[in-house]
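Student: What shape does this take:
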Amino acid sequence: MAQEQTGRILIVESDRALQSKLEAQLSAIGHIVETAPDSAAALEHLEGSMPDVVLLALDPERMGGFDFLREARALLPAASFIAMAETGSTDTAVKALACGADRLLTRPVRPDALALIVERSLDKPLHARDAMEARAGAAATLPTIALMDRVVGVHPSMQRLFNRLLQAAKSRSTVLIQGETGTGKELIAKAIHEHSLRSEGPLVRLNCAALAESVLESELFGHEKGAFTGAVTRRKGRFEQADGGTLFLDELSEMPLSVQIKLLRFLQERELERVGGNETVSVNVRVVAATNRDLKSLVEDGKFREDLYFRLKVVVLEVPPLRARPSDIPLLADHFLRLYADENDKQVQGFTHDAKEALVAYPWPGNVRELQHAIEQAVVLCEKELIDTEDLPIEPPDREAEPLSLLVPGVTLAEVERYTIMKTLEAVGGSPTKAAAILGISKRTIHYRLEEWGLAKTKPEDTC
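Tutor: Sure thing, here's the model as predicted:
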C-alpha cells in the first residue's frame, strides 16, 4: 500500500468548533495543520507560510472568501484550493471555481472523504515542488553559474544549449554557432573556450565581414616582409596568435571563396602558409565559427563551399532568438537593470507589472542586444524606483494587427501557442478557467505557461 503523503494544510474557517474538528481530523493522519479565522488573517498568514492545500469555508453572505481565492491563487499558483460550502449553494460553487478553487466540497464532510480528497489534492503542489527541485538540481549540476555573468537563461532551450556547449567544450572538434544577430554568439564562443582544455591559452577573435578580401587573408594567415605594399616586416596572423588556444571567426558567412579554400586546408591539415611566403607553419588551434545566416542556402547559391560547410558543422550550437524563450526576458531585464543601476549609481529597484508585461510582449527583433540597450536607456532616464512602460524605449504591441498572419510561414509552434493563450485570456477578461474551457486544455497548463513566460501574476477576474 502506498505511503500517505504529508502536507502543510491551511484551514480558513470562522466557526471555531468546525475549525477545531477539521484540524483534529487532518492532524491525526500526519498533516501539518495551521488555521485562520477569516480571509484577512489567512492572507497575512500566507506571507510567512507556504501551504500545500488551503481549505476555505465559503459564506455566501460574506464576499471576502472570493477575493481571498483570487489573491491567494496569485501568490500560490502551485497550491491546491478546496472550497467548502453548504449543500445547494450552486451560485457559490460556480463563483468559487471561477475564482480559482480546484475542488468544491459540500458540508458536512465525512472524515474519511476529507482525508482522501486532501491526499489527492497534495499531488499537484508536491509534484510541482519535486519538478522545481529537479530543475534546480539539474541546473546546479551544470556550471552555468560560471556563465551567468555573460550567458543568462533558464528556458529549456537555453539549458539544452548549455548542456551541448559543455559537451562541445571538452572536445577538440570545430564548433559552428548559429543564431540571429544579437543573440550572444560571441559570449557562447567565450564560454566554450573557458570550459575547454585550452582555457589557459589565448582566445583570438576576427570578424570576417569587417575586412576586405586581401586584408582578411593577411589577418588570418599572416604575411612575409615585402608580400605587398606596406608589408615592411613579417607579421603573424590570427591563427598563429591563437596557437595553443581558440580562434573565433565571427560572421563566417561573409568570408570570400578564395579565403574559404585556405581555411578548409588548415582545418584538414592544421598547417598554413603566410601570404607571400613558401614556409609551412604548423599551428595548434581550435576554430569556433559563428554565423547569422543559413550556410546551407549559401552553399546552394554557390556563395559558400560545400566541403567547408561539412567540415565546419562537426558540432553545431543553435542559439535561440529571445522571442522563442520569453521566460528569460524578465531574468535578463533584471540582470541588466542591476548592472546599469550599479554602473550609473541609480536607485532603480525593478519594474512595474505593466512594464514586465510590455517587455515579454515585445518581439525583440534585435534580441538580447536590443533588450540590453533598452534597459540601459530606461535605467539612465528613469527618475523613480520602478521602471514603468513609459520609461521603456519600445513600441507597445499593435493590438489591431494580427501578427501570426504576417509571420506564417516562419512562426514557431511555441509562438502560436503563446499567441493563442494570451489572446484567449484577453478575450475572457484574464480568466484561466474560461480560457482553458475554450481551448480544451487544463487550467494547470495555462498557469504553467504564464509562469514560464514570466506572467504568472494575473489580473483579478471581473466575474469574481
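Student: now the strands for the stretch 301-450 of the chain?
Tutor: Secondary structure of the stretch 301-450 of the chain by DSSP state E, counting those that start in this stretch: the strands cover 315-318, 350-351, 386-387.
Student: I'd like to know which of those lies nearest to residue 67.
Tutor: With respect to residue 67, and counting by CB to CB, the nearest of these is strand 386-387 at 24.9 Å. C-beta coordinates here come from the backbone N, C-alpha and C atoms, glycine included.
Student: quick one: average pLDDT of that closest one?
Tutor: The average pLDDT for strand 386-387 rounds to 92.
Student: how does the protein divide into domains?
Tutor: With automatic domain parsing as the criterion, the domains of the chain are listed as 8-130, 151-318, 322-391, 403-452.
Student: What is the neighbour count of residue 166?
Tutor: 17 (other CB atoms under 10 Å).
Student: Can you tell me the element it falls in?
Tutor: Mapping residue 166 onto the secondary structure by DSSP states H and E places it in helix 156-170.
Student: quick one: buried residues of that helix?
Tutor: Neighbour-count burial for helix 156-170, counted by 16 or more other CB atoms under 10 Å, picks out 157-159, 161-162, 165-166, 168-169.
Student: Next, format those residues as JSON lines and append pLDDT and distance to residue 438.
Tutor: Rendered in JSON lines, the data for these read as follows (pLDDT from 0 to 100; distance: CB to CB, whole Å):
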{"residue": "157", "pLDDT": "79", "distance to residue 438": "28"}
{"residue": "158", "pLDDT": "82", "distance to residue 438": "31"}
{"residue": "159", "pLDDT": "78", "distance to residue 438": "32"}
{"residue": "161", "pLDDT": "86", "distance to residue 438": "34"}
{"residue": "162", "pLDDT": "85", "distance to residue 438": "37"}
{"residue": "165", "pLDDT": "89", "distance to residue 438": "40"}
{"residue": "166", "pLDDT": "86", "distance to residue 438": "42"}
{"residue": "168", "pLDDT": "90", "distance to residue 438": "44"}
{"residue": "169", "pLDDT": "90", "distance to residue 438": "46"}
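Student: returning to what we had before: lowest average pLDDT across the domains of the chain?
Tutor: domain 403-452 (a mean of 72).
Student: Which residues are in contact with residue 248?
Tutor: Taking CB atoms under 8 Å, 6 or more residues apart in numbering as the definition of contact, the neighbours of residue 248 are 186, 189-190, 193, 203-206, 288-290.
Student: Which ones among the residues you listed lie within strands?
Tutor: For these, the ones inside strands are 203-206, 288-290, with DSSP state E as the criterion.
Student: on contacts alone, who are the packing partners of the helix or strand just after the helix holding residue 166?
Tutor: Under the assignment DSSP H and E, the closest C-terminal helix or strand after helix 156-170 is strand 175-178. For strand 175-178, the elements it packs on are helix 185-194, strand 286-291, strand 315-318, judged by 3 or more CB pairs under 8 Å, 6 or more residues apart in numbering; DSSP states H and E.
Student: now the first one against strand 286-291, angle please.
Tutor: In this structure, helix 185-194 runs at an angle of 160 degrees to strand 286-291, with axes from the mean of the first three to the mean of the last three CA atoms, to 10 degrees as the basis.
Student: and helix 185-194, how far from the chain's centre?
Tutor: What separates the centre of helix 185-194 from the centre of its chain is 19 Å, taken as CA atoms, centre = their mean, to the nearest Å.
Student: And for that helix, what's in contact with it?
Tutor: Counting contacts by CB under 8 Å, 6+ apart, the residues outside helix 185-194 that touch it are 146-147, 150-151, 161, 165, 168-169, 175, 177-179, 199, 203, 205, 245-246, 248, 250, 288, 290, 292, 317, 319.
Student: the inter-axis angle of it versus helix 156-170?
Tutor: In terms of direction (the same axes, to 10 degrees), helix 185-194 departs from helix 156-170 by 40 degrees.
Student: Using CSV, write down the CA coordinates of helix 185-194.
Tutor: Taking Å, rounded to 0.1, in the frame of the first residue of the first chain, the C-alpha atoms of helix 185-194 are listed here in CSV:
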residue,chain,number,x,y,z
LYS,A,185,27.1,34.1,-30.2
GLU,A,186,30.4,35.6,-29.2
LEU,A,187,29.6,35.0,-25.5
ILE,A,188,28.9,31.4,-26.3
ALA,A,189,32.3,31.2,-28.0
LYS,A,190,33.9,32.6,-24.9
ALA,A,191,32.1,30.1,-22.7
ILE,A,192,33.3,27.3,-25.0
HIS,A,193,36.9,28.5,-24.7
GLU,A,194,36.8,29.0,-20.9
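Student: tilt between it and strand 203-207?
Tutor: What separates the directions of helix 185-194 and strand 203-207 is an angle of 160 degrees, with the same axes, to 10 degrees.
Student: Can you list the neighbours in contact with stretch 28-43?
Tutor: With CB under 8 Å, 6+ apart as the test, stretch 28-43 has contacts from 4, 6-14, 16, 19, 22-23, 26-27, 45, 49, 51, 54, 56, 64-65, 67-68, 71-72, 115, 118.
Student: how distant is it from the center of its chain?
Tutor: In terms of CA atoms, centre = their mean, the centre of stretch 28-43 is found 35 Å from the chain centre.
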